[in-house]
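Asks: Using only what follows, build the 3D model:
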Amino acid sequence: MTKLVQDTSRTLRLVIIGAIVIAIVFVIAGIWLVYLGATGETNFTFFGQTFSSANVGIAALFLGAVTVVLLMRRSLSSLDHAVRTEVAPQKRVQAWPEAKNARSLSRAVKALSATQWEILEAVAESDGISEYTLVRKVESVGPSELHFRLQGLVEDGFIARTNGKVFISDDVHRLLKGKKLKELRFSA
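Replies: This is a model prediction of the structure:
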């Protein structure tokens with residue numbers, strides 16, 4: 001991870017630092033304006049949210065605080081995604097062995113995390129579900145995490161993705177032989 005952080009481009013770091021400095025300036029200016037009692041009707045829309053205030057300082061504080069929070073969240077999210085992308089393929093252990101039979105499928109399904117199971121179950125209920133609909137159906141998982149989890153399930157051979165649709169893989173269909181996936185998950 002240290003190498004990844006060090007390899008981050010100098011320009012990106014400068015942009016992040018510059019944005020933080022500007023946001024902090026907004027916060028300090030907002031505090032100063034509130035202290036001075038500066039008044040003035042302020043209305044603006046920021047990321048779809050309308051904000052109105054009778055004090056310019058409060059508006060500046062709001063802009064600065066929201067910018068700092070969004071910048072930090074986005075920066076950490078980007079770093080997290082980069083680390084996952086770098087580390088995940090090296091650490092990945094295939095959940096379902098090469099010998100694909102009903103017993104190994106049952107063991108692999110039982111070994112899935114709660115999130116993976118939730119996604120797999122949603123795909124099994126509506127085989128051929130669009131990824132957009134799947135995002136709406138599995139609300140506990142965000143779109144970027146869903147994409148990451150889907151890729152893992154594809155690599156493990158549970159599902160297949162084609163033209164924006166997600167299907168149960170042919171191997172899983174063949175091994176189920178009319179059974180439901182839930183039966184495998186909760187069987188003894």
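
Asks: Low-confidence bits of this structure, can you list those?
Replies: 1-11, 79-99, 178, 181, 183-188 (pLDDT under 70).

Asks: what about 50?
Replies: 1, 87-93, 188 (pLDDT under 50).

Asks: distance of residue 40 from residue 54?
Replies: Here the distance between residue 40 and residue 54 works out to 8 Å (Cβ to Cβ, to the nearest Å). All C-beta spots, glycine's among them, are computed from the backbone N, C-alpha and C.

Asks: Which segments of the protein make up each domain?
Replies: 2-91, 102-186 (automatic domain parsing).

Asks: by contact count, what packs against the helix or strand harbouring residue 12?
Replies: Using DSSP states H and E, residue 12 sits within helix 10-36. Applying 3 or more Cβ pairs under 8 Å, 6 or more residues apart in numbering; DSSP states H and E, one finds that helix 10-36 makes contact with helix 56-91.

Asks: For whatever helix or strand comes next after the helix it packs on, C-alpha coordinates in PDB please.
Replies: Remark: after helix 56-91, the chain's next helix or strand is helix 102-110, criterion DSSP H and E. Extracted in PDB, the C-alpha atoms of helix 102-110 (Å, rounded to 0.1, in the frame of the first residue of the first chain):
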ATOM      1  CA  ALA A 102     -23.000 -30.900  -6.200                       C
ATOM      2  CA  ARG A 103     -21.100 -31.400  -3.000                       C
ATOM      3  CA  SER A 104     -18.400 -28.800  -3.800                       C
ATOM      4  CA  LEU A 105     -21.200 -26.400  -5.000                       C
ATOM      5  CA  SER A 106     -23.000 -26.900  -1.700                       C
ATOM      6  CA  ARG A 107     -19.800 -26.200   0.300                       C
ATOM      7  CA  ALA A 108     -19.000 -23.200  -1.800                       C
ATOM      8  CA  VAL A 109     -22.400 -21.700  -1.400                       C
ATOM      9  CA  LYS A 110     -22.200 -22.200   2.400                       C
END
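
Asks: Which positions in helix 102-110 come out as buried?
Replies: Across helix 102-110, burial judged by 16 or more other Cβ atoms under 10 Å covers 105-106, 108-109.

Asks: These: which two are farthest apart?
Replies: 106 and 108 (7.3 Å; Cβ to Cβ).

Asks: Would you report the backbone torsion angles of the nearest residue to residue 66 once chain neighbours are set aside?
Replies: Leaving aside its sequence neighbours, residue 66 sits nearest to residue 46 (Cβ to Cβ, 6 or more residues apart in numbering; 6.5 Å). Main-chain dihedrals, residue 46, degrees, to the nearest 10: phi -130, psi 110.

Asks: quick one: residue 115 and residue 149 touch, right?
Replies: Yes - the criterion here is Cβ atoms under 8 Å, and residue 115 meets it with residue 149 at 6.1 Å.

Asks: any common contacting residues for those two?
Replies: residue 141 (Cβ atoms under 8 Å, 6 or more residues apart in numbering).
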